[in-house]
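Q: quick one: sequence and predicted model below, then my questions.
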Amino acid sequence: MRLFLVRHGQTHANVARQLDTAVPGLDLTDEGRAQARALADRLGGEDLGAIYTSDLVRTQQTAAPLAELLGLELVVLPGLREIQAGDWEMSTEWQPYIDAVIRWRDDPHHAIPGGDTGARFMQRYDAAIARIAADGHESAVAVSHGAAMRVWCSTSLGLSADFFDERRVDNTHVVTMEGDPDTGWRLLAWGDEPVTHG
């Protein structure tokens, strides 16, 4: 299948530089809503069978214009939610969170205090992606979160950490891939940049 994995639009927490990872999370800003409409314009011509979101409200708000355009219902998968910041929730000090996530590359059982371990995060995210693939659509969209996308993609696409470290995952950024959980995933495009790796 072809999967368009999309980061949500800009939120009030993004503007305030807060770690907003718990349900339900903050709403999109006016700019985020404009980004969501632009996303609908960008992906509205694709032959999409379904649209999936996490259980954080910002992903559903981001997907809503596309769903309305295509006449599709949103399918909410809690496994697509952001890496849980735990004790650091709503903090403006990001570095401990980033350091913990980077540490997962060598120690997937390391825990964010009160939040996820790398292994637990990958288990739930893999399960969500497997559900999407099992639904049998030729093409689908999943609206998720920046850190979650970075970690899952770097592991599941078999690319070096440097590939993701050197690239931004901006609001409504689209990662295009194809494959399935059994045979693996291949990266087709990073935003508007076609990719020949993988």
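A: Structure's in. What do you need?

Q: contacts for stretch 125-139?
A: If you take CB atoms under 8 Å, 6 or more residues apart in numbering as the criterion, stretch 125-139 is touched by 1-4, 46-50, 52, 77-80, 140, 142, 148, 151-152, 156, 180-181. Yep, even glycine has a C-beta here, placed from its N, CA and C like the rest.

Q: what mean pLDDT does that stretch get?
A: For stretch 125-139, mean pLDDT rounds to 98.

Q: report the buried residues of that stretch.
A: For stretch 125-139, the neighbour count (16 or more other CB atoms under 10 Å) marks Tyr125, Ala128, Ile129, Ile132, Ala133, His137, Ser139 as buried.

Q: what of stretch 170-181?
A: Asn171, Thr172, His173, Val174, Val175, Thr176, Met177, Gly179.

Q: and it, how far from the chain's centre?
A: 8 Å (CA atoms, centre = their mean, to the nearest Å).

Q: elements contacting the helix or strand hosting Ala64?
A: Per DSSP states H and E: Ala64 is located in helix 57-70. Counting by 3 or more CB pairs under 8 Å, 6 or more residues apart in numbering; DSSP states H and E, the packing neighbours recorded for helix 57-70 are helix 30-43, strand 50-53, strand 74-76, strand 139-144.

Q: follow-up on the earlier one: the contacts of stretch 125-139 in helices, which ones?
A: Ala148, Val151, Trp152, Ser156 (DSSP state H).

Q: so where's the protein shaky on pLDDT?
A: Along the chain, segments meeting pLDDT under 70 span 196-198.

Q: most centrally placed residue in it?
A: With distances taken as CA atoms, centre = their mean, Ser144 lies nearest the centre of the chain, 2.9 Å away.

Q: gap between Leu3 and Ala119?
A: Distance, Leu3 to Ala119, by CB to CB, to the nearest Å: 23 Å.
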